[in-house]
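Engineer: Pasting the sequence and the predicted coordinates here, then a few questions.
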Amino acid sequence: MASKAEAQQLTGELLRIIPIGQAMQSQDEARMGEAYDEVHAELENIGLPVWEKTEEMPDEITPHFIHLMAFNKLNLYPASDTLRLFIQQTVGPEGNTSKDQIKALMREAYCNVDEPTDY
């Protein structure tokens with residue numbers, strides 16, 4: 001489970017803003033906080049039963065969510081062409097691939113009900 005702060009850190013590392021394990025500068029931390037809030041709101045707007053912002057996100061959602069955060073802030077940082085292409089291909093056009101993957105994972109988490117067994 002990843003908290004908002006951990007998601008911000010992981011996104012900063014993905015965008016190569018900071019080396020792995022190093023602290024972000026306050027302006028970058030604020031931008032990553034905005035990215036988190038934007039993606040969370042996007043998921044809510046498409047009707048997904050998302051977690052509260054103060055809660056930790058499910059582990060299976062984390063990589064998709066982080067890629068969407070990076071995609072939303074890609075224009076603010078001088079990422080290499082290779083990194084840009086990787087993020088754009090991973091999230092798909094306008095983030096649809098990652099959103100669809102999150103939707104499928106959230107549906108499984110919320111619709112996975114044990115049915116009674118007939119003996």
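Structural biologist: The structure has been received and is ready for your questions.
Engineer: and residue 20, what does it touch?
Structural biologist: Going by C-beta atoms under 8 Å, 6 or more residues apart in numbering, residue 20 touches residue 13. Every residue, glycine included, has its C-beta placed from N, CA and C.
Engineer: which SS class is it?
Structural biologist: In terms of secondary structure, residue 20 is coil; the call rests on DSSP: H, G, I helix; E, B strand; the rest coil.
Engineer: And the lowest mean pLDDT element among the helices and strands of this protein?
Structural biologist: Lowest on mean pLDDT, DSSP states H and E among the helices and strands of the chain sits helix 96-111, with a mean of 78.
Engineer: Alpha carbons of that helix, as PDB, please.
Structural biologist: Provided in PDB are the C-alpha atoms of helix 96-111 (Å, rounded to 0.1, in the frame of the first residue of the first chain):
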ATOM      1  CA  ASN A  96      -6.700   5.700 -21.200                       C
ATOM      2  CA  THR A  97      -4.600   2.500 -21.000                       C
ATOM      3  CA  SER A  98      -3.600   3.100 -17.400                       C
ATOM      4  CA  LYS A  99      -7.100   4.200 -16.500                       C
ATOM      5  CA  ASP A 100      -8.600   1.100 -18.000                       C
ATOM      6  CA  GLN A 101      -6.100  -1.100 -16.100                       C
ATOM      7  CA  ILE A 102      -7.000   0.700 -12.900                       C
ATOM      8  CA  LYS A 103     -10.700   0.300 -13.600                       C
ATOM      9  CA  ALA A 104     -10.300  -3.400 -14.200                       C
ATOM     10  CA  LEU A 105      -8.300  -3.800 -11.000                       C
ATOM     11  CA  MET A 106     -10.700  -1.700  -8.900                       C
ATOM     12  CA  ARG A 107     -13.700  -3.700 -10.300                       C
ATOM     13  CA  GLU A 108     -12.000  -6.900  -9.300                       C
ATOM     14  CA  ALA A 109     -11.300  -5.600  -5.800                       C
ATOM     15  CA  TYR A 110     -14.900  -4.400  -5.200                       C
ATOM     16  CA  CYS A 111     -16.800  -7.100  -7.100                       C
END
